[in-house]
Each structure stands twice: as structure tokens, then as C-alpha cells.
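1. take a look and give me a structure for this.
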Amino acid sequence: MTHAQGMKDALAALEQLMTLDGAMVLRAGGDPELLARLAGYAVDEAIELWDDAEARWEHGDEDAARYCEQEASAWSATAQILRELAAAESAARSRIAERSA
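-> Down below sits the predicted model:
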């Protein structure tokens, strides 16, 4: 798979998760550090939602707990995709730098 196809597939997956829109990821400009920061944000969101889900379960609000769990899973998947994009971008930059040296 080409680098461009990998990015296209990742953006499509993010759009399906409905957490971050592809435009936000594209604004990161393929910068591995920015993508890693976005991944960190996604992890924070997931943790917060897992905590919310736990609190909802404790209060007997099953529907809200399940919703929070579903959202937390989506944010966890988002973080994984962003980490993979950051790694791919970093590797691509390394290859370019090696060729230029």
C-alpha cells in the first residue's frame, strides 16, 4: 500500500468513527508531533468516557453507561489510528532525509 493510500484509508476510518473529522487531521499537515498530540487528546477523551461509563454503571444508568463505553471505544480506536499515522509520517520523513543525505 502506498503512503497516500494509507493516509486516505486512515482518514476514512476516522470519519466512520465520528470522533475527529478528516479536515482536522489534514490540518496537522502530516506532522508526526501534531498527530501524536491529537492521539494524546483522543486517549484523554477515552479515559474520561471510561470513567463516566463506570460512574453511570454505579448509578444504574445502563443506557448512558453503554453510550459512554461506545464513545470511549471510538476514541480509543481514534488514538490507535493517529499513532499509526504519526509513525508512518515519521518513517516517511526519515526515508526522505536518508535519500537527501
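2. for the protein, what helix or strand is lowest in average pLDDT?
-> In the chain, no helix or strand scores lower on mean pLDDT, DSSP states H and E than helix 22-27, which sits at a mean of 76.
3. report all helices and strands that the longest helix anywhere in the chain contacts.
-> When the chain is parsed with DSSP state H, its longest helix is helix 62-100. When contacts are defined as 3 or more Cβ pairs under 8 Å, 6 or more residues apart in numbering; DSSP states H and E, helix 62-100 packs onto helix 3-17, helix 32-58. C-betas here are computed from N, CA, C, even on glycine.
4. mind redoing it with 10 Å?
-> Under the contact criterion of 3 or more Cβ pairs under 10 Å, 6 or more residues apart in numbering; DSSP states H and E, helix 62-100 touches helix 3-17, helix 22-27, helix 32-58.
5. okay, buried residues for the least confident helix or strand of the chain please.
-> V25 (16 or more other Cβ atoms under 10 Å).
6. residues in contact with it?
-> Helix 22-27 is contacted from outside by 7-8, 10-15, 21, 34-35, 38, 78, 81-82, 85, using Cβ atoms under 10 Å, 6 or more residues apart in numbering.
7. low-confidence stretches in this structure?
-> Residues of the chain meeting the criterion pLDDT under 70: 1-4, 29, 101.
8. one more pass at 80, please.
-> 1-7, 21-30, 92-98, 100-101 (pLDDT under 80).
9. need the winner for burial among the helices and strands packed on helix 62-100.
-> Greatest average neighbour count among the helices and strands packed on helix 62-100 goes to helix 32-58 (a mean of 17), per mean count of other Cβ atoms under 10 Å.
10. off-centre distance for that helix?
-> Centre-to-centre, helix 32-58 and its host chain are 10 Å apart (Cα atoms, centre = their mean, to the nearest Å).
11. again, but for stretch 74-88
-> On the basis of Cα atoms, centre = their mean, stretch 74-88 sits 4 Å off its chain's mean C-alpha point.
12. ok, now stretch 31-38?
-> 10 Å.
13. likewise for stretch 91-101?
-> The answer for stretch 91-101 is 25 Å, by Cα atoms, centre = their mean.
14. same check on stretch 19-28?
-> Taking mean C-alpha positions (Cα atoms, centre = their mean), stretch 19-28 and its chain are 10 Å apart.
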